[in-house]
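Visitor: give the three-dimensional model of this entry:
(one chain, ligands or ions: 1)
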Amino acid sequence: MSDLIVVGGGIIGLSVAREAALAGLQVTLLERNAPAREATWAAAGMLSPLAEAPDDGPFLDFALASLRSYRGWVRAVEEASGMEVEYRESGKLRLALSGPELDRLVERREWAEARGLGVRWFEPEELRRKEPGLALSIRGALLLEEDFRVDNRRLGEALVVAARQAGVRIRTEVTVREILLEKGRARGVRTAEDDPIEGDRVLLAAGAWSGTFSELPVPIPVRPVRGQMLSLRTEEPGMTRVLESEEIYLIPRDDGRLLVGATVEEVGFEGGITAAGVRSLLEGALRLVPGLGSAPIAEFWSGLRPGTPDGHPILGPAPQVEGLYLATGHFRNGILLAPRTARAIVPLLTGSEGPTIPDVFSPARFEGARREPVV
Ligand code: GLY
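Guide: Have a look, this model is predicted:
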């Protein structure tokens, strides 16, 4: 019997499983397809606390703590796996294309400066010297220095190797149908093949599918939010920074690809690529860098983010079920928040000291909420 059963082999499940195994637990991870696919594979790998947090508060603090631990965490994963994951501390340029966008960006600059967060302002002339391919219509740019990137696909592959190396037993193509409950305690899971798998504790880290366990006494209101993306092939790896407008973001990879993301769509569990989605991505990209019009398209894909009603992740012990823990609902920030999530969750499992999880992330905040059907 395992000390811990992890349901879900995305970046969150893998990161917690690895850290729990390193802390001495016997860990079995169950993944219904292959690990590190789904949202982990579909993501862009932006590590963007400043761009994603609307204001001060626990989310920004948690995200910054995760970002600031990223280098050490990635190096440990690279060392354990023998793989390089293209982690780059290259910064992001937020670009304003209109008067109202410029006003909002100036406001953001003042907000960041007042908090001592690393930002730098560029007027259009200076910006064009730095990034000559940018559209002449750009009115100003804010460089977010603490905004990094990683190749999430490589990171996912490396984490699988590193988790196995730490002792995690990864079982693929095992769908969990229900969490086994006995006298208010989780005692394992039941698979779609009707096999019980017993474990002392269970961690639910099933991403967009986390809300599908109707046997739990308290709802987990996670819903899928589709993101469509594409990548372009550029001739040389000229651009190093992430570029972002209010519409889209462009993420360079060292091999010359440029990722364009992403739509945010409430279409349930529907994957796929649509004409309107691709049009919005391409229009947004060409508005920022007109020369991309001649770039060949390399790939299209989409993924399902795990969204929550308040946009915060759901982290900690499940209410009313002893031995069940949740690490889900990371929405647009699973890649960024993985190290801090693992660091915060594992001490709850081992009974040791760890970083405090903000109350606003607690699963208990949904006690009493109505259970919505997950479609
Ligand atoms: N992290 C960016 C996105 O989800 O589109």
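
Visitor: contacts and neighbour counts: CA atoms only from here.
Guide: Fine.

Visitor: wait, is Val74 part of a strand?
Guide: No - assessed by DSSP: H, G, I helix; E, B strand; the rest coil, Val74 does not belong to a strand; its assignment is helix.

Visitor: which residues does it contact?
Guide: Counting by C-alpha atoms under 8 Å, 6 or more residues apart in numbering, Val74 makes contact with Val85, Tyr87.

Visitor: gap between it and Gly199?
Guide: Per C-alpha to C-alpha, to the nearest Å, Val74 is found 29 Å from Gly199.

Visitor: tell me where the chain has helices.
Guide: 11-22, 38-42, 49-52, 58-81, 99-114, 124-130, 152-166, 275-288, 334-350 (DSSP state H).

Visitor: most tightly surrounded among those?
Guide: helix 11-22 (a mean of 26; mean count of other C-alpha atoms under 10 Å).

Visitor: before we move on, back to that, a markdown table for the helices of the chain, including mean pLDDT?
Guide: A markdown table is the format used below for the helices of the chain (pLDDT from 0 to 100):
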| stretch | mean pLDDT |
| --- | --- |
| helix 11-22 | 98 |
| helix 38-42 | 98 |
| helix 49-52 | 92 |
| helix 58-81 | 98 |
| helix 99-114 | 97 |
| helix 124-130 | 93 |
| helix 152-166 | 98 |
| helix 275-288 | 98 |
| helix 334-350 | 98 |
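
Visitor: against Leu144, how distant is the residue nearest the centre of the chain?
Guide: The centre of the chain sits closest to Gly334, judged by C-alpha atoms, centre = their mean, with a distance of 1.9 Å. For Gly334, the distance to Leu144 equals 20 Å [C-alpha to C-alpha].

Visitor: nearest to the ligand: which residue in the stretch 101-250 of the chain?
Guide: Distances between the stretch 101-250 of the chain and the ligand by C-alpha to the nearest ligand atom are smallest at Gly227, namely 6.2 Å.

Visitor: so that residue makes contact with Gly307?
Guide: No - assessed by C-alpha atoms under 8 Å, Gly227 is found out of contact with Gly307, at 11.4 Å.

Visitor: which residue sits closest to the residue in the stretch 201-350 of the chain positioned nearest to the ligand, ignoring its sequence neighbours?
Guide: Closest to the ligand within the stretch 201-350 of the chain is Arg332: 3.6 Å, counting by C-alpha to the nearest ligand atom. Nearest non-adjacent residue to Arg332, counting by C-alpha to C-alpha, 6 or more residues apart in numbering: Arg305, 6.4 Å away.

Visitor: beta partners for that neighbour?
Guide: Residues in a beta bridge with Arg305, per DSSP bridges, are Val225.

Visitor: any idea how many residues pack against it?
Guide: 28 (other C-alpha atoms under 10 Å).

Visitor: so it touches Pro224, yeah?
Guide: Yes - using C-alpha under 8 Å, Arg305 is in contact with Pro224, at 5.5 Å.

Visitor: now for those two: what residues contact both?
Guide: Common contact partners of Arg305 and Pro224 (C-alpha under 8 Å, 6+ apart): Ala208.

Visitor: ok, His312 - how many residues close by?
Guide: Neighbourhood size, His312 [other C-alpha under 10 Å]: 19.

Visitor: ok, it to Glu131 distance?
Guide: 34 Å.

Visitor: export the helices of the chain to a markdown table and tack on distance to Arg185?
Guide: Formatted as a markdown table, the helices of the chain follow (distance: least, C-alpha to C-alpha, whole Å):
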| stretch | distance to Arg185 |
| --- | --- |
| helix 11-22 | 20 |
| helix 38-42 | 30 |
| helix 49-52 | 36 |
| helix 58-81 | 29 |
| helix 99-114 | 45 |
| helix 124-130 | 58 |
| helix 152-166 | 27 |
| helix 275-288 | 44 |
| helix 334-350 | 14 |
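
Visitor: just send those helices back as CSV, with distance to the ligand too.
Guide: Output for the helices of the chain, formatted as CSV (distance: least, C-alpha to the nearest ligand atom, whole Å):
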stretch, distance to the ligand
helix 11-22, 13
helix 38-42, 9
helix 49-52, 8
helix 58-81, 12
helix 99-114, 19
helix 124-130, 24
helix 152-166, 11
helix 275-288, 12
helix 334-350, 8
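
Visitor: which bits of the stretch 201-350 of the chain sit near the ligand?
Guide: Proximity of the stretch 201-350 of the chain to the ligand is confined to Ala262, Arg332, Asn333 under the rule C-alpha under 6 Å from any ligand atom.

Visitor: mind listing what the first one touches?
Guide: For Ala262, the contacting residues are Gly227, Gln228, Met229, Ile248, Tyr249, Leu281, taking C-alpha under 8 Å, 6+ apart as the criterion.

Visitor: if you set the cut-off to 6 Å instead, what comes out?
Guide: Ala262 makes contacts with Gly227, Gln228, Met229, as judged by C-alpha atoms under 6 Å, 6 or more residues apart in numbering.

Visitor: thought the second one was touching Thr263?
Guide: Just to be clear, that refers to Gln228. Yes - contact criterion C-alpha atoms under 6 Å: Gln228 and Thr263 qualify, at 5.2 Å.

Visitor: please identify which of these two sits among more neighbours.
Guide: Neighbours per residue, other C-alpha under 10 Å: of Gln228 and Thr263, the larger number sits with Gln228, 25 against 19.

Visitor: apart from its neighbours in sequence, what residue is nearest that one?
Guide: Ser302 (4.1 Å).

Visitor: and the pLDDT for that neighbour?
Guide: With respect to pLDDT, Ser302 has a value of 98.

Visitor: also Pro237?
Guide: In this model, Pro237 is scored at 59, pLDDT.

Visitor: repeat for the one 4 residues further on
Guide: Turning to Arg241, the model gives it a pLDDT of 93.

Visitor: ok, now which ones touch it?
Guide: Arg241 sits next to Ser90, Gly91, Lys92 when contact means C-alpha under 6 Å, 6+ apart.

Visitor: what is the burial count for the residue lying closest to the last one once chain neighbours are set aside?
Guide: Put plainly, it is Lys92. In space, and not counting its chain neighbours, Lys92 is closest to Val242: 4.6 Å by C-alpha to C-alpha, 6+ apart. Close neighbours of Val242, defined as other C-alpha under 10 Å, add up to 24.
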